[in-house]
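Trainee: okay, predicted coordinates and the sequence, questions at the end:
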Amino acid sequence: MRSLTLTILLGALALPAAAIAAEPSTVTLSAVGETHLAPDMATLSLGVTVTAPTAAEAMQTDAARMTQVIAALRRQGVAERDIQTAGLNVQPQYSFPQNQPRQLTGYQASHQLTIAVRDLERLGAAIDAGANDIGGIGFGLKDPGAAEDAARLKAVAALRAKADLYARAAGYSVGRLINLSEGGGYAPGPVRPLPMMAMAKVASTPVEAGELDVRVEASAVYELK
């Protein structure tokens, strides 16, 4: 009986060491998949800024001009849902004569819009819609899903290639995929200030859309055999 008890205890003590020894070797990696394509939409920041002797007159003039701008945008095919007021304010304007108190010279009213242009061929005309305050422009994709999926496939292929490389270098082969996670993804391009050429209101202002980079970051844990 004592011999049997001792054997059972020794077996129980040996279990943790055996379990640790059985844990698989793994490698944890990260990679980026990237695809490049032309944008098919733009986000534009523009507005109307006017000055007048009184706040009421400044607001009235600003409202009238902005109504004309919005009407021009609609004529260029910009949908109502793609036109959003981003800012509206009126503030006094002063002059500062030397050695004298500041003097009120009038009021400045400003009305800012953010618009989405879903047909890039109309972008130049939208810029020329009559706004006198153009903040910037950013390019993006109406439906980034296909571009993101292409980037995901490239990220996973890069992960597997890395795993194979590390496994060979360490004298192993790649086993099962233990974990796969994604971080990051498509984000629309930042709104960038337009060049002075665009603010000059040349008929149908030329704007170059360039190319977008769609990136997906992925991480994985592979078993090594």
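Mentor: Arrived safely.

Trainee: can you show me the helices along this structure?
Mentor: For the chain, helices defined by DSSP state H occupy the ranges 2-22, 55-75, 123-127, 145-170, 196-199.

Trainee: and those helices, which one is worst for confidence?
Mentor: Per-stretch averages of pLDDT across these put helix 196-199 at the bottom, with a mean of 38.

Trainee: tell me what angle the longest strand along the chain forms with helix 55-75.
Mentor: Taking DSSP state E as the criterion, the chain has its longest strand at strand 103-117. With axes from the mean of the first three to the mean of the last three CA atoms, to 10 degrees applied, the angle from strand 103-117 to helix 55-75 works out at 20 degrees.

Trainee: centre of the chain to stretch 169-180, how far?
Mentor: Distance, stretch centre to chain centre, for stretch 169-180: 34 Å (CA atoms, centre = their mean, to the nearest Å).

Trainee: hmm, who's touching that stretch?
Mentor: Residues outside stretch 169-180 that contact it (CB atoms under 8 Å, 6 or more residues apart in numbering): 24-26, 156, 159-160, 163-164, 167, 218-225. C-beta here means a position set from N, CA and C on the backbone, and glycine is covered the same way.

Trainee: just the CA trace of it, in CSV.
Mentor: This file holds the C-alpha atoms of stretch 169-180, laid out as CSV (Å, rounded to 0.1, in the frame of the first residue of the first chain):
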residue,chain,number,x,y,z
ALA,A,169,15.9,29.8,-39.8
ALA,A,170,15.1,28.1,-36.4
GLY,A,171,15.0,24.6,-37.8
TYR,A,172,11.2,24.2,-37.6
SER,A,173,8.3,24.0,-40.0
VAL,A,174,5.1,26.0,-39.7
GLY,A,175,2.2,24.3,-38.0
ARG,A,176,-1.4,25.4,-37.4
LEU,A,177,-2.5,29.0,-37.2
ILE,A,178,-3.3,29.7,-33.5
ASN,A,179,-4.5,33.3,-33.6
LEU,A,180,-5.1,36.0,-36.3
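
Trainee: identify the residues contacting the closest residue to Ser25 other than its chain neighbours.
Mentor: Ranked by CB to CB, 6 or more residues apart in numbering and with sequence neighbours excluded, the top spatial neighbour of Ser25 is Leu224, at 4.3 Å. Taking CB under 8 Å, 6+ apart, we find Leu224 in contact with 24-27, 167, 170, 172-175.

Trainee: quick revisit: of the contacts of stretch 169-180, just the buried ones, ChimeraX syntax please.
Mentor: Those of the contacts of stretch 169-180 that count as buried under 16 or more other CB atoms under 10 Å are selected in ChimeraX with:
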select :156,159,163,167,218,220,221,222,223,224
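
Trainee: and the protein, what are its domains?
Mentor: The chain breaks down by automatic domain parsing into domains covering 24-40+142-225, 41-140.

Trainee: those domains: lowest mean pLDDT?
Mentor: domain 24-40+142-225 - the lowest mean pLDDT of the domains of the chain, at a mean of 83.

Trainee: separation between the closest residue to Leu88 other than its chain neighbours and Ser219?
Mentor: With CB to CB, 6+ apart as the criterion, Leu88 has its nearest non-adjacent residue at 5.2 Å, and that residue is His111. To Ser219, His111 is 46 Å away according to CB to CB, to the nearest Å.

Trainee: kindly report the same for Ile83.
Mentor: Per CB to CB, Ile83 is found 41 Å from Ser219.
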